[in-house]
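>>> Got a sequence here, can you model it:
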Amino acid sequence: MTVKESAIERELMRRVHGRGGLCVKVQALGARGFFDRLIILPGPRVVFCEVKKPRGSRISPHQHQWHDLFRALDVEVAVVKNSEDIDALLKT
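This is a model prediction of the structure:
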């Protein structure tokens, strides 16, 4: 059975909201490869998140550039492919 990216994204949104956070869809016009979701958790904690399907997905070169840029600015970046990734994201 193939799990779709949309199913992972729905689980992420449900679990972030369950923790009292926000999981906002991001659309950055003209910014190819930008993150899928902006997660804001109590604390405060802000995470830029890329959601991928569990099997056969890869981070594109454009996405790598964004990830590297944000990490260089000491911004938290997460890639979520499954429930375990969501657990790890919400654990810290």
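>>> Can you find which strand in the chain contains the most residues?
Among the segments of the chain that qualify as a strand by DSSP state E, the longest is strand 45-51.
>>> In terms of secondary structure, what does it contact?
Helices and strands touching strand 45-51, as assessed by 3 or more C-beta pairs under 8 Å, 6 or more residues apart in numbering; DSSP states H and E, comprise helix 5-18, strand 37-41, helix 61-72, strand 76-80. The way it works is simple: take the backbone N, C-alpha and C, and place the C-beta from them, glycine included.
>>> Now render the ones you listed as CSV, adding distance to residue 31.
Shown next, in CSV, are the helices and strands packed on strand 45-51 (distance: least, C-beta to C-beta, whole Å):
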stretch, distance to residue 31
helix 5-18, 19
strand 37-41, 13
helix 61-72, 8
strand 76-80, 15
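>>> Quick check: mean pLDDT of stretch 45-52?
Summarised as a single mean, pLDDT over stretch 45-52 is 97.
>>> Return the distance of it from the chain's centre.
3 Å (C-alpha atoms, centre = their mean, to the nearest Å).
>>> Just the residues contacting it, thanks.
Contacts to stretch 45-52, defined as C-beta atoms under 8 Å, 6 or more residues apart in numbering, come from residues 5, 8-9, 12, 23, 26, 35-41, 58-59, 63, 66-67, 70, 75-81, 89.
>>> Show me just the buried residues among those residues.
8-9, 12, 23, 35-37, 39, 41, 63, 66-67, 70, 77-81, 89 (16 or more other C-beta atoms under 10 Å).
>>> on that earlier part again, if you count neighbours, what's buried in the longest strand of the chain?
For strand 45-51, by 16+ other C-beta under 10 Å, it's 47-51.
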